[in-house]
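**Q** the sequence and its predicted three-dimensional model are supplied below.
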Amino acid sequence: FVWGGDLLYRWNGEGEEDYRFGDVLKLAFDVEYVAFPREYTRPGNEVFVLLEGALVHRFDDELTGASFPTGGRELLLAPGIQYIATDRMLLSLSFQFPVWSDLDAAALESDWNVLAEIRYAF
């Protein structure tokens, strides 16, 4: 098993015409399992199944100091698959969807996302 996580706080400054998007607090995690090869001898040519997740809290937006009910909390999960072709190249595909939300009246609700990733280390 491989696992990890991170904590992010994004502070948003004031934009045009005194509009300020709400700050974002995010706790993310990642759990991976080596599916193939069954006998792990060296890096490269591996297939992982993974589950990524994020608990996101969005604060309300503001306009000239007045707050709008655009905040809330969501829990997002993203099961996926990852292929490490070589010790320098990684391919990944996952499907992210909300499993729980507690959003304010004017908040934008997450729907679903397809997450694709290609990494190459030079």
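**A** Structure's in. What do you need?
**Q** so the nearest residue to Ser110 once chain neighbours are set aside: helix, strand or coil?
**A** Excluding its sequence neighbours, the residue lying closest to Ser110 (Cβ to Cβ, 6 or more residues apart in numbering) is Pro98, at 4.7 Å. All C-beta atoms are positioned from the backbone trio N, CA, C, and that covers glycine. Assigned by DSSP: H, G, I helix; E, B strand; the rest coil, the conformation of Pro98 is strand.
**Q** pull the contacting residues for Pro98.
**A** Taking Cβ atoms under 8 Å, 6 or more residues apart in numbering as the definition of contact, the neighbours of Pro98 are 74-76, 109-112.
**Q** in the sheet, who's paired with the nearest residue to Glu117 once chain neighbours are set aside?
**A** With Cβ to Cβ, 6+ apart as the criterion, Glu117 has its nearest non-adjacent residue at 4.1 Å, and that residue is Ser92. Each beta-bridge partner of Ser92 is listed here: Gln82, Glu117, as defined by DSSP bridges.
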